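K.L.:
fold the following, please.
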Amino acid sequence: MVMKMAEAQSCILLLIMMISFTIVSANNGAFSVKYKYAGLQRSLSDLKAHDDQRQLRILAGVDLPLGGIGRPDILGLYYAKIGIGTPTKDYYVQVDTGSDIMWVNCIQCRECPKTSSLGIDLTLYNINESDTGKLVPCDQEFCYEINGGPLPGCTANMSCPYLEIYGDGSSTAGYFVKDVVQYARVSGDLITTAANGSVIFGCGARQSGDLGSSNEEALDGILGFGKSNSSMISQLAVTGKVKKIFAHCLDGTNGGGIFVIGHVVQPKVNMTPLIPNQPHYNVNMTAVQVGHDFLSLPTDVFEAGDRKGAIIDSGTTLAYLPEMVYKPLVSKIISQQPDLKVHTVRDEYTCFQYSESLDDGFPNVTLHFEKLSYLEGLSTRVSFSLCK
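P.N.:
Predicted coordinates for the structure are as follows:
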């Protein structure tokens, strides 16, 4: 996951390849996840454009039903293979902590992508080919909840529809279905067994714009892990299948790793609490340390609030810091390594120019959270930029 500080006017971009850690789970669900851009030479501009599109939705999510719907074309980084239906068929879905519902492209969709440059086979969901698939009626409580009440014109046996229109004109539309989702259950000795649970998800019948067939890096849909009761983890928790907890164990080399849902046994894993009553996964960031020195920052710089605070988001490429944190951070790094040279890339990105070992040229940067310190060893690929 990637941390970012939400801010209305300006933000700072800090690209760091994430380090990995070990996690053990007991009686949980687990998905093997892959990093969408692993092995690809993405430019800083590409990554920044990716995040710009995503932040338009993330920061405005409180104004959208369900906190917003994920965009599997450009707004996500990690994807997993899950099984849906009886008999089971495989689907590749984006794992996204910034959205709530799960949805996949359906057989009625003519505009949906048929191929993907990610080296995966895309599959259209067909409710008629699943013995366990059922339509979700518009008079069901789930449909009431996501629409804020009864739907006008709802009659018996009418399905519960959904429609999302994005700022760039792209849209996704369809209806909700309920079917069995297959996943792996992990025991304390790391042995996996098959498990399943019934989940309500969206069946995408019409896609337009960047969600349509022109998307080269297409996936079958999205698996939302947001905080809403409509998310897959919330639905499984209500039925007693798992506890409402998840963890992403990152692969430090290629990205991806394991996404675990349910109770986590963490003998060597520290935790930081989430801030309650927030639409996203907000945490309390408390300080930034460079080497042995702490940055001198205003006491309210990390306070949570409207468009403020630190957000954990699996689908954002870069880590964002407000300008009042970024400038002292860069100054402190330069003060500890005065030989570092700074240059501008493509007239907008301020970068360090350094060709030797980063272990020798850069100090460690530690991000401190409530009850947790996260060490970033700058021996990995790093870029800094101020984004207006």
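K.L.:
check contacts around Arg206.
P.N.:
Applying C-beta atoms under 8 Å, 6 or more residues apart in numbering to Arg206 gives the contacts Cys109, Glu111, Ser171, Thr172, Ala173, Gly174. Heads up, the C-betas are built off the backbone N, CA and C, glycines and all.
K.L.:
and these, which is closest to Ile222?
P.N.:
Nearest to Ile222 among these: Thr172, at 9.4 Å, using C-beta to C-beta.
K.L.:
right, and the secondary structure at the closest one would be what?
P.N.:
Following DSSP: H, G, I helix; E, B strand; the rest coil, the label given to Thr172 is strand.
K.L.:
and Val330, by the same measure?
P.N.:
helix.
K.L.:
residues near it, how many?
P.N.:
As a burial measure, Val330 scores 19 neighbours (other C-beta atoms under 10 Å).
K.L.:
and if you look at the one 5 residues further on?
P.N.:
Ser335 sits with 13 neighbouring residues when counted by other C-beta under 10 Å.
K.L.:
for Ser228, same thing?
P.N.:
18.
K.L.:
run through the stretch 1-150 of the chain and note the low-pLDDT ranges.
P.N.:
The model of the stretch 1-150 of the chain has pLDDT under 70 over residues 1-77.
K.L.:
and with 90 instead?
P.N.:
Residues of the stretch 1-150 of the chain meeting the criterion pLDDT under 90: 1-82, 92-102, 110-120, 145-150.
K.L.:
correct me, but Gln207 touches Thr172?
P.N.:
Yes. Between Gln207 and Thr172 there is a contact under C-beta atoms under 8 Å: 5.4 Å.
K.L.:
the more surrounded of those two?
P.N.:
Each of Gln207 and Thr172 has its neighbours counted (other C-beta under 10 Å); Thr172 has more, 28 against 25.
K.L.:
what distance do you get for the more buried one to Tyr79?
P.N.:
17 Å (C-beta to C-beta, to the nearest Å).
K.L.:
next one: Leu274
P.N.:
For Leu274, the distance to Tyr79 equals 24 Å [C-beta to C-beta].
K.L.:
more neighbours: the two, which one.
P.N.:
Between Leu274 and Tyr79, Tyr79 has the larger neighbour count (other C-beta under 10 Å), namely 28 against 14.
K.L.:
show me where the stretch 201-350 of the chain has its helices.
P.N.:
Under the criterion DSSP state H, counting those that start in this stretch, the stretch 201-350 of the chain contains helices at 232-238, 323-336.
K.L.:
which strands or helices does the shortest one pack on?
P.N.:
If I follow you right, that is helix 232-238. Other helices and strands packing on helix 232-238, by 3 or more C-beta pairs under 8 Å, 6 or more residues apart in numbering; DSSP states H and E, are strand 192-208.
K.L.:
any idea of the mean pLDDT in the strand it packs on?
P.N.:
Here strand 192-208 scores 87 as its mean pLDDT.
K.L.:
over to stretch 358-376?
P.N.:
Stretch 358-376 shows a mean pLDDT of 76.
K.L.:
so where's the stretch 151-300 of the chain shaky on pLDDT?
P.N.:
Residues of the stretch 151-300 of the chain that meet the criterion pLDDT under 90 lie in 151, 153, 155-157, 162-173, 182-197, 206-219, 221-286, 291, 298-300.
K.L.:
what ranges do the strands span in it?
P.N.:
For the stretch 151-300 of the chain, the strands defined by DSSP state E, counting those that start in this stretch cover 161-165, 171-186, 192-208, 221-224, 246-250, 257-261, 264-265, 282-283, 285-290, 293-294.
K.L.:
what's the most buried one of those strands?
P.N.:
When you average the neighbours per residue for each of the strands of the stretch 151-300 of the chain (mean count of other C-beta atoms under 10 Å), strand 221-224 leads with a mean of 30.
K.L.:
other SSEs contacting that one?
P.N.:
strand 89-96, strand 102-105, strand 192-208.
K.L.:
quick one: closest of those to Gln337.
P.N.:
Evaluated over the helices and strands packed on strand 221-224, closeness to Gln337 peaks at strand 89-96, with 36.9 Å, by C-beta to C-beta.
K.L.:
and stretch 358-375, which residues are buried?
P.N.:
Across stretch 358-375, burial judged by 16 or more other C-beta atoms under 10 Å covers Gly361, Phe362, Pro363, Val365, Thr366, Leu367, His368, Phe369, Leu372.
K.L.:
nearest to Lys327, out of the helices and strands packed on strand 221-224?
P.N.:
Closest approach to Lys327 among the helices and strands packed on strand 221-224 is made by strand 89-96 (31.4 Å; C-beta to C-beta).
K.L.:
now do the closest one against strand 171-186, angle only.
P.N.:
If you take axes from the mean of the first three to the mean of the last three C-alpha atoms, to 10 degrees, strand 89-96 sits at 100 degrees to strand 171-186.
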